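Asker: Please find the sequence and the predicted model below.
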Amino acid sequence: MSDAAAELKRLRAALAASGEVAYHWDLVTDRIVFIGENADQFGRPDSAGEWTGKGFAGRINPEDLVARLDMLARHQRDGDPYDCEFRIRGVGGESRWVHDRGAIETGSGARRRMHGTM
């Protein structure tokens, strides 16, 4: 097993033990990749089999979405920490609270990716 494969295996085990999901959000393509056994708690991705920021936002309770978008905007604009709680609609339509923490990569001043955990 390569070092990268072993590291990914350890990451998946840690996420499973904590009940967390890690994510990588490509802000240019809007594609989100979730890592962890609990990613299915968010329901199913779009018809193309991929998660997008827009599709994920559509699962967030409308009462919480404005605060989340504001928190993301402040993080992007001012560098404020992104640490947000919101309700998301699960597979069966039930709502569950999610605690989302992350950071946008700002290499070369470009905001291309966001990484975090929920």
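Answerer: Yep, it's here.
Asker: So which elements touch the biggest strand by length in the chain?
Answerer: The longest strand of the chain (DSSP state E) is strand 95-105. With contacts taken as 3 or more CB pairs under 8 Å, 6 or more residues apart in numbering; DSSP states H and E, strand 95-105 sits against helix 62-78, strand 82-89, strand 113-117. Where you see a C-beta, it was placed from the backbone N, CA and C, and this is true even at glycine.
Asker: I would like the residues contacting that strand, please.
Answerer: With contact meaning CB atoms under 8 Å, 6 or more residues apart in numbering, strand 95-105 is reached by 23, 25, 27, 41, 61, 68, 75-76, 81-90, 111-118.
Asker: How about stretch 74-88?
Answerer: By CB under 8 Å, 6+ apart, the residues outside stretch 74-88 that reach it are 42, 59-61, 63-65, 67-68, 71-72, 95-104, 111, 114, 116.
Asker: Now with 6 Å, please.
Answerer: The contact list for stretch 74-88, computed with CB atoms under 6 Å, 6 or more residues apart in numbering, reads 59-61, 64, 68, 71, 95, 97-102.
Asker: which two in those residues are spaced the farthest apart?
Answerer: Spanning the widest gap among the contacts of stretch 74-88 are Ser95 and Gly102, at 21.2 Å by CB to CB.
Asker: between the two, which one's more packed in?
Answerer: Taking other CB atoms under 10 Å, Ser95 and Gly102 do not tie; Gly102 has more neighbours (19 against 14).
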